[in-house]
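Undergrad: Sequence first, then the predicted structure:
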Amino acid sequence: MKKIIAILLSLLLFGAVGCASGGDPSGEEPSDKDTFPNAYAQQAYEQLSLMDTYFREDGGMLSENSASGGTATLWTYGAYFTAVAKYLKVCPENKSAAALADTALEELEWYKCEGKDAYASDNGKERPVFFDDNAWLVYGLLEMYAARKDEALLDKAEQVQAFIYSGWQEDLGGGLLWREFDKETTADADYVRNTCINAPAAMCAALLYKYTGEASHLEWAEKIFAWTRNTLKNESLGTYYDDIDRAGEIGTAQFTYNSGCMLSAAVRHHGEGRIPCRGARDRSGQPYAVRAGGRRHGGGLRILFG
């Protein structure tokens, strides 16, 4: 459920390399003392204002889109949540960023599943639960933690990440499942491990190691990253295939999102000095100076600076 408006918003937010105190996207205009460091920060403020105006239901929840309405799916909300988190991280003193983050965290609990440390659409009732949707919530929580140093955010991120780790499989060398599956009733062709969960999960594991110092997260980051690179990488192009099923058949679709996510995961690992940032090359065969990551199947990349 890709929402271009959320991806574009994120591109704007991640271009803002710093931010002074700004206004409230709920309607209050910035004061004379409020400034934006560049046009990207100003555009981010304006886009957030537009989303609050046109993408809210009567009850205040974020809607799936401006045309048909209906409360946003977790995937859509996750895109919004990570955008708000990045806005807070680059604008930690901005009153509007603080207010948005507080509201986003409150709204997130509407998606909480009963009886497990995970989130899902439809007030937490959607089944199966998608591991990849939850991975982006972990990323958002960690970005908020980087801004606020609130241990409760770090604890929540670890709890959700533990749920994601539970999707690890031992056959075919490993890999995380895309979503929850019934092992007994799911056909082999549908029982899949995708780049779109393994790459962001590896990235979040590396960040958790950075913030907690717990070796287990580094081990997970290395294990997940290595499995994805060894199993789903198209060596001839340096891109990544979409998935592998339980029978070992690889889904050969190649999306910018998948390659972008692995670039971002490589950056996080490289930042810890553990996993070389290799495999990303331009058309001349030279390695990229990797500084960015991607967001979802078939769409534009979501840049993950900072």
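TA: Received, thanks. Numbering: from 1, shown residues only.
Undergrad: which residue sits closest to Glu126 in space, ignoring its chain neighbours?
TA: Among residues not flanking Glu126 along the chain, Ala120 sits closest, at 4.2 Å (CB to CB, 6 or more residues apart in numbering). To be clear about C-beta, it is placed using only N, CA and C from the backbone, and glycine gets the same treatment.
Undergrad: Could you report the neighbour count for that neighbour?
TA: Neighbour count of Ala120, defined by other CB atoms under 10 Å: 23.
Undergrad: Low-confidence bits of the stretch 101-250 of the chain, can you list those?
TA: Low-confidence segments of the stretch 101-250 of the chain (pLDDT under 70): none present.
Undergrad: residues touching Thr239, list them.
TA: If you count contacts by CB atoms under 8 Å, 6 or more residues apart in numbering, Thr239 has them with Lys233, Gln254, Asn258, Ser259.
Undergrad: Among those residues, which lie within helices?
TA: Using DSSP state H, the subset of the contacts of Thr239 located in helices is Asn258, Ser259.
Undergrad: how about the strands in the stretch 151-300 of the chain?
TA: Counting by DSSP state E, counting those that start in this stretch, one finds strands in the stretch 151-300 of the chain at the ranges 192-194, 233-234, 239-240, 243-245, 250-251.
Undergrad: Outside of the fourth one itself, list whatever touches it.
TA: Outside strand 243-245, the residues that touch it by CB under 8 Å, 6+ apart are 172, 175, 178, 188-195, 231-232, 250-251.
Undergrad: Next, the buried residues of it.
TA: Judged by neighbour count using 16 or more other CB atoms under 10 Å, the buried positions of strand 243-245 are Asp243, Ile244, Asp245.
Undergrad: circling back: verify the stated contact: the residue nearest to Glu126 with Leu137.
TA: No - look at Ala120 against Leu137 with CB atoms under 8 Å: they stay out of range, at 10.7 Å.
Undergrad: Neighbours of Asn230, how many?
TA: Quick note: Asn230 (other CB under 10 Å) scores 10 neighbours.
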